[in-house]
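Trainee: sequence and predicted model, in that order:
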Amino acid sequence: MPASPVTYTFLGPEGTFTEAALMQVPGAADAIRIPSSNVNAALDRVREGSVDAAMVPIENSVEGGVTATLDAIATGQELRILREALVPISFVLVARPGTRIGDIRRISTHGHAWAQCRLWAEKNIPDAEYIPGSSTAAAAMGLLDDVVHYDAAICAPIVAGEQPGLAVLAKNIGDNPGAVTRFVLVGRPGELPERTGADKTTVVVPLPEDRPGALMEILDQFATRGVNLSRIESRPTGQYLGHYFFSIDADGHVADARVADALAGLHRISPATRFLGSYSRADGVRTEVERHTSDRAFRAAHSWVNEILDSTSAEPEYTPQASPKS
Ligand SMILES: O=C(O)C(=O)C[C@]1(C(=O)O)C=C[C@@H](O)C=C1
């Protein structure tokens, strides 16, 4: 019987940056690809098992963390990050043919895209009202639909190139030409991606309450084991004011002794710590490991302690006390 094809979902519709990220996954071109209208819907499809994995945005070099994703993977049925993808971001301004920049009164795009074009918009369309869109491509495609109440959109160049109904009014309108968005492919817990030496580990750590220095203790678990952090963000749990969790990316794989030891330390401090995955870095940069935090150093240290335990009687011998004479 032929194997059933892999099924992916992504923040759609076609033409989003998220779809571009999914197409970086080997075999994605031959897989079934189902667009989802938002990050939660995409992750729900993974949880209920109707798709194998979902590609979602997690972090932008200009605007920071994508909170919808950070929150959705931190709670609910457990999920795992299987890989990451980096997409260079450039934006175009599109409208219906015949529209001039001076005609624009209302403009739509994804919130992260709007944040990355803010300076351009202030300079070129200062009076235009911003209408939030579920994605850049959804905003652009909406212009082909007579019912939408905006007259321009900001999207990826690819959308404009494929739609004769859309005219490009301006190119490269992002405020930061080097902008990059990081995406993650999220699946259900199962096989762990192999350790490559150029890996990342993502965890969610609820901040223990009413404990002075709790954040310091969390950071210390990584610092004392020579584990570098590439992202740390605090997010409210939503339960009540002042209750936060930390979303953390650390260099290394849970199969690295120093990372495993740091995670064990986190679990002691905050038992509800959630492991979100170890996966290879999209940029392929290998982690530099200091000698005293290498697997070999951890092994040697553990065998030293075990030797001590083996050669020493850990529990004092039990000598029953003579019963007092009556
Ligand atoms: O709207 C899209 O095209 C998306 O893929 C989402 C998204 C994001 O969430 O940051 C991805 C990349 C860009 O930074 C802007 C929007």
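Mentor: Arrived safely.
Trainee: what's the closest non-adjacent residue to Gly277?
Mentor: Distance criterion Cβ to Cβ, 6 or more residues apart in numbering; nearest residue to Gly277, sequence neighbours excluded, is Ile81 at 3.6 Å. Where you see a C-beta, it was placed from the backbone N, CA and C, and this is true even at glycine.
Trainee: now swap in Asp220 and tell me
Mentor: Of all residues not flanking Asp220 in the chain, Gly265 sits nearest, at 8.0 Å (Cβ to Cβ, 6+ apart).
Trainee: ok, that neighbour - contacts?
Mentor: Asp220, Gln221, Arg225 (Cβ atoms under 8 Å, 6 or more residues apart in numbering).
Trainee: which element is the last one on?
Mentor: Using DSSP states H and E, Arg225 is not contained in any helix or strand.
Trainee: repeat for the first one
Mentor: Taking DSSP H and E as the criterion, the element that holds Asp220 is helix 214-223.
Trainee: so which bits of that helix are buried?
Mentor: Ala214, Leu215, Glu217, Ile218, Gln221, Phe222 (16 or more other Cβ atoms under 10 Å).
Trainee: stretch 70-87 now?
Mentor: For stretch 70-87, burial by neighbour count (16+ other Cβ under 10 Å) applies to 70-74, 79-87.
Trainee: how close does the residue nearest to Asp220 sit to His112?
Mentor: Relative to His112, Gly265 is positioned 34 Å away (Cβ to Cβ, to the nearest Å).
Trainee: next one: Val168
Mentor: For Val168 relative to His112 (Cβ to Cβ), the value is 21 Å.
Trainee: higher neighbour count, those two?
Mentor: More neighbours surround His112 than the other of Val168 and His112, with 23 against 14 (other Cβ atoms under 10 Å).
Trainee: could you chop this structure up by domain?
Mentor: 1-88+175-190, 92-171, 193-326 (automatic domain parsing).
Trainee: I'd like the ones you listed as JSON lines, with mean pLDDT appended.
Mentor: Shown next, in JSON lines, are the domains of the chain (pLDDT from 0 to 100):
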{"stretch": "domain 1-88+175-190", "mean pLDDT": "95"}
{"stretch": "domain 92-171", "mean pLDDT": "95"}
{"stretch": "domain 193-326", "mean pLDDT": "91"}
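Trainee: quick check: beta-bridge partners of whatever residue of the stretch 151-300 of the chain ends up closest to the ligand?
Mentor: With Cβ to the nearest ligand atom as the measure, Thr181 is the residue of the stretch 151-300 of the chain nearest to the ligand, at 3.9 Å. Using DSSP bridges, the bridge partners assigned to Thr181 are Asn60, Val87.
Trainee: residue contacts, it?
Mentor: With contacts taken as Cβ under 8 Å, 6+ apart, Thr181 has the following neighbours: Phe17, Ala21, Pro57, Glu59, Asn60, Ser61, Leu86, Val87, Ile89, His112.
Trainee: got the angle between the following helix or strand past the helix holding Asp220 and helix 214-223?
Mentor: The element immediately downstream of helix 214-223 (helix or strand, assigned by DSSP H and E) is strand 229-236. Angle of strand 229-236 versus helix 214-223, following axes from the mean of the first three to the mean of the last three Cα atoms, to 10 degrees, is 160 degrees.
Trainee: can I get strand 229-236 as PDB, trimmed to CA atoms?
Mentor: Extracted C-alpha coordinates of strand 229-236, given in PDB (Å, rounded to 0.1, in the frame of the first residue of the first chain):
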ATOM      1  CA  LEU A 229      20.200  31.900  25.300                       C
ATOM      2  CA  SER A 230      19.200  33.400  21.900                       C
ATOM      3  CA  ARG A 231      15.700  34.500  23.000                       C
ATOM      4  CA  ILE A 232      13.900  35.100  26.300                       C
ATOM      5  CA  GLU A 233      10.400  36.700  26.500                       C
ATOM      6  CA  SER A 234       8.000  37.000  29.300                       C
ATOM      7  CA  ARG A 235       4.300  36.500  28.500                       C
ATOM      8  CA  PRO A 236       1.300  36.800  30.900                       C
END
